[in-house]
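> Sequence first, predicted coordinates after that:
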Amino acid sequence: MSEEIVNRVSSSPLVTFDLEDHYPQGKRMVLDISPWLMEGVILREKEFRAEVDAHDWEQYRDAFVALHCATDAIVPGWAFMLVTTRLQPVAAEVVQGDLELLETVLYKKTLDALDVSGLHDKPVIIKGCANKPVPPNAYIWATRKLQGVARSVMYGEACSSVPLYKKKK
């Protein structure tokens with residue numbers, strides 16, 4: 001039995017699409033505005049504006065920032081908008097929400113801008129395992145984008161993939 005073992009996966013036309021390869025690089029930061037509220041729950045405009053004016057905005061240079069309030073305070077929308085006016089000149093991206101929402105927004109922008117024309121009529125497998133924080137919606141958006149060009153779209157690993165889509169002939 002001296003038959004040569006052939007790796008059929010490496011010799012197949014199958015292309016692996018790994019969302020981690022498209023992970024937006026950059027520092028992630030969370031800015032909690034609750035310390036700027038009276039007792040963490042009441043927004044007094046004059047005091048809030050003073051806190052915003054006194055804050056060191058340079059620390060957010062080129063960072064992706066998630067704005068939120070850690071307390072159950074009812075914060076008017078303009079408060080986050082005011083903070084955004086200070087972040088706009090320095091931060092790479094700003095969202096109101098948590099880090100998961102931030103990652104979701106970053107992936108949406110990245111996938112929208114991605115050129116997948118090189119995958120035209122190829123069988124593509126979207127890699128399932130991730131070590132980086134890939135949000136669930138990124139898999140949905142990747143599937144939609146690839147479905148428009150690929151011959152077939154699968155999910156998982158080459159040795160155990162789940163077929164999702166196959167172009168009709």
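All right, it came through fine. Numbers count the residues shown, from 1 in each chain.

> residues near Val83, how many?
Residues near Val83, counting by other CB atoms under 10 Å, number 22. The way it works is simple: take the backbone N, C-alpha and C, and place the C-beta from them, glycine included.

> I'd assumed it was in a strand, is it?
No - under DSSP: H, G, I helix; E, B strand; the rest coil, Val83 falls outside any strand and is assigned helix.

> So which elements touch the worst-scoring helix or strand of the chain on mean pLDDT?
One helix or strand of the chain scores below all others by mean pLDDT, DSSP states H and E: strand 160-166, with a mean of 91. Where contact means 3 or more CB pairs under 8 Å, 6 or more residues apart in numbering; DSSP states H and E, strand 160-166 is packed against helix 136-147, strand 152-157.

> at 7 Å what do you get?
Contacts defined by 3 or more CB pairs under 7 Å, 6 or more residues apart in numbering; DSSP states H and E place strand 160-166 against strand 152-157.

> and the strand it packs on, which strands flank it?
Strand 152-157 pairs in its sheet with strand 123-127 (parallel), strand 160-166 (antiparallel), by DSSP bridges.

> most packed of these?
Stretch with highest mean neighbour count among these: strand 123-127 (a mean of 21; mean count of other CB atoms under 10 Å).

> Show me where the chain dips below the pLDDT cut-off.
Residues of the chain that meet the criterion pLDDT under 70 lie in 1-2, 4-12.

> Export the lengthiest helix in it to CSV, keeping only CA atoms.
Counting residues, the longest helix in the chain under DSSP state H turns out to be helix 99-113. Extracted C-alpha coordinates of helix 99-113, given in CSV (Å, rounded to 0.1, in the frame of the first residue of the first chain):
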residue,chain,number,x,y,z
LEU,A,99,-18.1,47.4,21.5
GLU,A,100,-20.2,44.8,19.6
LEU,A,101,-22.1,47.5,17.8
LEU,A,102,-18.8,49.2,17.0
GLU,A,103,-17.4,46.0,15.5
THR,A,104,-20.6,45.5,13.5
VAL,A,105,-20.4,49.0,12.0
LEU,A,106,-16.7,48.6,11.2
TYR,A,107,-17.3,45.3,9.4
LYS,A,108,-20.3,46.7,7.5
LYS,A,109,-18.1,49.6,6.2
THR,A,110,-15.2,47.2,5.4
LEU,A,111,-17.4,44.6,3.6
ASP,A,112,-19.3,47.3,1.6
ALA,A,113,-16.0,48.6,0.3
